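Colleague: need the 3D shape of this:
(one chain, ligands or ions: 1)
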Amino acid sequence: MTPPSSAISPFSGFVGVFRYSRRALALVWETSHWMMLGLALCTLVAGVLPAVAAWVGQLIVDGVVSAMETHQAATDPNLLVSITPVLKLVFIEALIIGLIALAQRGLSAQQSLLRAMLGQKVNVMILEKAGQLSLSQFEDSELYDQLTRARREASTRPLALVNKTFGLLQNAISLGSFGVLLIQFSPWALLILVAGALPVFLSEAKFSGDAFKLFRWRSPQTRMQIYLETVLAREDSIKEVKLFGLESLFLKRYRDIFTQLFAEDRRLTIRRESWGFLLGLLGTLSFYAAYGWVVIETIAGALTLGQMTMYLMVFKQGQAALSASLTAISGMYEDNLYLSNLYEYLEQPTNAEAGHLTQGVAPGDGLRFEHVSFSYPGGSEVLHDISLHLAPGKSIALVGENGSGKTTLIKLLTRLYHPTTGRILLDGSDLKHWDTQALRARVGVIFQDFVRYQLSVGENLGVGDTQAFDDKQRWQQAAHNGMADDFIVRMPNGYQTQLGRWFKNGQELSGGQWQKIALSRAYMRENADILVLDEPTAAMDAAAEAEVFARFREHSRNKMTILISHRFSTVRSADQIIVIDQGGIIERGTHEELLESNGRYATLFRLQAKGYR
Ligand SMILES: Nc1ncnc2c1ncn2[C@@H]1O[C@H](COP(=O)(O)OP(=O)(O)OP(=O)(O)O)[C@@H](O)[C@H]1O
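Modeller: Numbering: from 1, shown residues only. So this is what the prediction gives:
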């Protein structure tokens, strides 16, 4: 298998290397002005001082040579007088080295603090964006891949990029100052150093590009690995994994993915390092050529010993700084590629889904579906030409086989998706013109797959209305309506009891108890006048179910209610029962009317009643 070629080629537009550097720098600047200034200062100090140290080194060696000569030539030699100027220089050199060490410590301290702050900032940006994405964007596997890639990698990349940018700057300053010294020896020497280091850089740039393409191309497999880790190591799946004996099956799949990915990694690493070694030899060769040249010039008497020491040091450090700069540039290229993924994700257009209406043009008209059809993105039609009207104070029950489209209809009503054709009106105004908050405030809904939050009991209710998230009285009222209060008060810490198994002292609930929590959560929405229950009692015992519906009728007297259930005993009292089959409405009417017409509903009802007899 070979990764498909990407639009990003390593050599296309070399300036691309710096494309995201400005944004990464801006991000660091926003995170902390002071630390960014501190980084700049330390970078400058650590960049300039090595050349100064090399220059002082030359003065020391030449000082020693001349001190030796004067000392030996003197008739009355005084050691202290001869060595004092050199010792002063040694002291200055020690001071410079101390300052370089200080600047480097300062750099690493600020980098590690910034890493933590920046990691948090980028993660918050990623999660905030996730909150703005629509459900269909979430269900798009490409976008999900992008999100996973961004979360896994990109939170550390901005700082890496900034570090490299500063590192590059530091090395560039060092190189500039070395260059000033070197050019006095020969401009050709400079050229030899640059030419020696260039090939390694080019190969680095190429292989970084390849590594990124590989990373991007295989994120579905990586995601499968993360998923398998989750299934194998999470309490909510481990029960089934154990009972079905899935451990070895899933572990094998996990290992196979690794083996496949590792083979690609190995291939790339070997190629990258082999080329790096071969081309790196050119750099070493150029360094030793320059080395030999300096030695010859010194022996020929064109350079002093001090100059020779300085040039050798400058060559050595200059070569190190140059290859560090070039590696930084190729590293920046890689960081830029990863950041491009982060920004691609952050710049995903969010559907401008909301309008501004907080009230419909015909208050009191209720809910209308007008010839609504719908297909999921990339899928075939799952709802076809649905028309219905639900007036305030009335109830509708939706019945139909699995997969007939009942839940999808609720997703459209709550505007998690938009109809493909037709429209849905609330109080005479199209849902798409409603303000999101105003619309959602009017709807209380529990889906079959409601969330079991690993939070306290009270908070599990409070999420139903964020305005009353901590309101204990409202919790109690909602729990009473949803019939959860009697088991909550028997729990060790009542409403403060931690639920689920993720955190210490967490208490697990039964399926029916969780369902009562979810039902109570829907009752938290006191102001909602549309209540939707999608199979709210499937996990409850018969007595609880009967009581839930008695209470539901009582609390929803002036509201619009939509109930989805496979139990005909619960739907029979609805004002209107709608039978959906393969996405279309095939029958509608009251329980009595439908029995009389003797269609699908009547058949299914009798079948179920027979089962109970
Ligand atoms: N997110 C989705 N993306 C694509 N197709 C989906 C999605 N959710 C549901 N479907 C498809 O839409 C159809 C209707 O599903 P829906 O969940 O509305 O059925 P339902 O009547 O609520 O079924 P059940 O009684 O089993 O809850 C099914 O064929 C299903 O495969």
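
Colleague: residues contacting residue 559?
Modeller: 392-393, 528-531 (CB atoms under 8 Å, 6 or more residues apart in numbering). The way it works is simple: take the backbone N, C-alpha and C, and place the C-beta from them, glycine included.

Colleague: and these, which are buried?
Modeller: Burial by neighbour count, 16 or more other CB atoms under 10 Å: within those this picks out 528-531.

Colleague: next step: the contacts of residue 559 restricted to strands.
Modeller: 530-531 (DSSP state E).

Colleague: what values do phi and psi take at the residue nearest to residue 46 when sequence neighbours are not counted?
Modeller: Closest residue to residue 46 apart from its sequence neighbours, by CB to CB, 6 or more residues apart in numbering: residue 103 at 4.1 Å. The phi/psi pair for residue 103 (degrees, to the nearest 10) reads phi -60, psi -40.

Colleague: what is the neighbour count of the closest residue to residue 324 other than its chain neighbours?
Modeller: Once flanking residues are discounted, residue 324 sits nearest to residue 171: 5.2 Å by CB to CB, 6+ apart. Residue 171 has 27 neighbours, counted by other CB atoms under 10 Å.

Colleague: any idea how far residue 242 lies from the ligand?
Modeller: Between residue 242 and the ligand the distance is 27 Å, computed by CB to the nearest ligand atom, to the nearest Å.

Colleague: so which strand or helix has that residue?
Modeller: helix 235-243 (DSSP states H and E).

Colleague: go on, residue 36?
Modeller: Element membership of residue 36, judged by DSSP H and E, is helix 33-73.

Colleague: give the other helices and strands that that helix contacts.
Modeller: helix 21-31, helix 79-132, helix 157-185, helix 305-346 (3 or more CB pairs under 8 Å, 6 or more residues apart in numbering; DSSP states H and E).

Colleague: hmm, back to that, surely the residue nearest to residue 324 touches residue 326?
Modeller: No - counting by CB atoms under 8 Å, residue 171 stays clear of residue 326, with 9.1 Å between them.

Colleague: related to what we said a few turns ago, tell me the mean pLDDT over the next helix or strand after the helix holding residue 242?
Modeller: Sequence-wise, the next helix or strand downstream of helix 235-243 (DSSP H and E) is helix 247-299. The pLDDT scores in helix 247-299 average 89.

Colleague: how far off centre is helix 247-299?
Modeller: Taking the mean of its C-alpha atoms, helix 247-299 sits 30 Å from the chain's own mean (CA atoms, centre = their mean, to the nearest Å).

Colleague: and stretch 99-106, by the same measure?
Modeller: On CA atoms, centre = their mean, the centre of stretch 99-106 falls 34 Å from the chain's centre.

Colleague: contacts for that stretch?
Modeller: 38, 41-43, 45-46, 49-50, 53.

Colleague: out of those residues, who's nearest the ligand?
Modeller: Relative to the ligand, the closest of the contacts of stretch 99-106 is residue 38; by CB to the nearest ligand atom it sits at 49.4 Å.

Colleague: list the contacts of the closest residue to the closest one other than its chain neighbours.
Modeller: Once flanking residues are discounted, residue 38 sits nearest to residue 110: 5.1 Å by CB to CB, 6+ apart. Contact partners of residue 110, counting by CB under 8 Å, 6+ apart, are 35, 38-39, 42.

Colleague: buried only: go through those for me.
Modeller: Buried among the contacts of residue 110 by 16+ other CB under 10 Å: 35, 38-39, 42.

Colleague: ok so, going back, quick one: mean pLDDT for the helix holding residue 242?
Modeller: 84.

Colleague: then stretch 585-605?
Modeller: The model assigns stretch 585-605 a mean pLDDT of 92.

Colleague: hmm, who's touching that stretch?
Modeller: Contacts for stretch 585-605 (CB under 8 Å, 6+ apart): 386-388, 399, 568, 571-581.

Colleague: of those, select the buried ones using a ChimeraX command.
Modeller: Buried residues within these, by 16+ other CB under 10 Å, are selected in ChimeraX with:
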select :386,388,399,568,571,572,574,576,577,578,579,580
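
Colleague: coming back round to it: against which helices or strands is the helix holding residue 242 packed?
Modeller: helix 219-233.
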